[in-house]
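Novice: what would the 3D arrangement of this be:
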Amino acid sequence: MKIQSKLLFAVTLFMTAAFGALHAQSENVTTEFGVKGGFNMSNLYDDSNDPDDNNVLYGFNAGVYATLPISDFIAIQPELLFTTKGAELKYNNAFAEGNAKFKLNYIELPLLVRVNVTKNFNIQAGGYASYLVSSKVTGSGDFDFEEDIDTDDLNKFDAGIAAGVGVDFSPISIGVRYNYGLTKVGKERNDGLGGTYTFPDAKNSNLTVYLSYKLN
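Specialist: Reported below is the predicted structural model:
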């Protein structure tokens with residue numbers, strides 16, 4: 001099981017246990033508005049394989065968030081982010097050595113349910129929707145290249161589920177979140193022989209470590 005799957009499994013187990021202790025341990029949620037940013041570890045996966053830890057592409061995310069209470073300890077947390085995703089392929093064979101990076105840049109809207117388990121600890125779960133604004137492939141090593149990819153050749157929209165945990169040191173918070181894509185990156189195409197194919201036939205996987213700052 002890869003690191004992303006382990007994190008998602010751990011967060012799910014923790015959420016199940018935490019809900020049983022909420023009334024005894026929770027801290028009231030307050031309305032917040034702030035800015036946030038973080039470090040991304042992104043990858044691609046298909047339906048038959050988990051993401052390969054060797055193909056991680058490093059990037060970032062940045063944007064704004066709001067926390068809108070719906071009860072004493074539960075809130076809706078919408079965010080608006082610019083985030084990078086994709087994957088890196090490293091190769092070393094008899095003909096060439098180097099790496100190629102498939103980079104995808106999105107405007108992303110996560111919509112999460114946030115639960116304050118304690119005064120300084122919260123859990124988040126929900127979904128996200130993203131719009132692809134740019135994409136490119138770059139290479140280094142024996143062959144250096146950089147080429148923009150027409151976003152019309154890829155699915156403009158991505159969506160998936162998200163789960164994470166956060167620690168608050170008001171006005172600063174830190175946390176970890178995993179996004180599991182449910183939409184294929186590539187479009188379905190006609191192969192000219194009466195069949196179809198999808199390239200890339202893969203979905204986004206993204207683990208992020210973030211820092212946020214409350215403005216109010």
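Novice: nearest spatial neighbour of residue 56, skipping sequence neighbours?
Specialist: residue 41 (5.0 Å; CB to CB, 6 or more residues apart in numbering). In short, each C-beta sits where N, CA and C put it, glycine included.
Novice: how close does that neighbour sit to residue 182?
Specialist: Distance of residue 41 to residue 182, computed by CB to CB, to the nearest Å: 19 Å.
Novice: hang on, the earlier thing: quickly find the element holding the residue nearest to residue 56.
Specialist: Assigned by DSSP states H and E, residue 41 belongs to strand 32-45.
Novice: what is the rounded mean pLDDT of that strand?
Specialist: For strand 32-45, mean pLDDT is 95.
Novice: tell me the strands beside it, with direction?
Specialist: Partners of strand 32-45 in the sheet, by DSSP bridges, are strand 57-69 (antiparallel), strand 203-214 (antiparallel).
Novice: hmm, residue 200 is touching residue 185, no?
Specialist: Yes - between residue 200 and residue 185 there is a contact at 5.2 Å, judged by CB atoms under 8 Å.
Novice: residues that sit against both of these two, list them.
Specialist: residue 44 (CB atoms under 8 Å, 6 or more residues apart in numbering).
Novice: and those two? Which one has more around it.
Specialist: More crowded of residue 200 and residue 185, by other CB atoms under 10 Å: residue 185, with 23 against 15.
Novice: check the gap between the more buried one and residue 47 for me.
Specialist: According to CB to CB, residue 185 and residue 47 sit 13 Å apart.
Novice: same check on residue 125?
Specialist: 23 Å.
Novice: please say which of residue 41 and residue 182 ends up with more neighbours.
Specialist: Each of residue 41 and residue 182 has its neighbours counted (other CB under 10 Å); residue 41 has more, 18 against 12.
Novice: look up phi and psi at the residue in the chain sticking out farthest from the centre.
Specialist: Relative to the mean C-alpha coordinate of the chain, counting by CA atoms, centre = their mean, the farthest residue is residue 193 (36.2 Å). Note on residue 193: its backbone torsions stand at phi -120, psi 20 [degrees, to the nearest 10].
Novice: re the thing from before, what's across from the residue nearest to residue 56 in the sheet?
Specialist: residue 58, residue 207.
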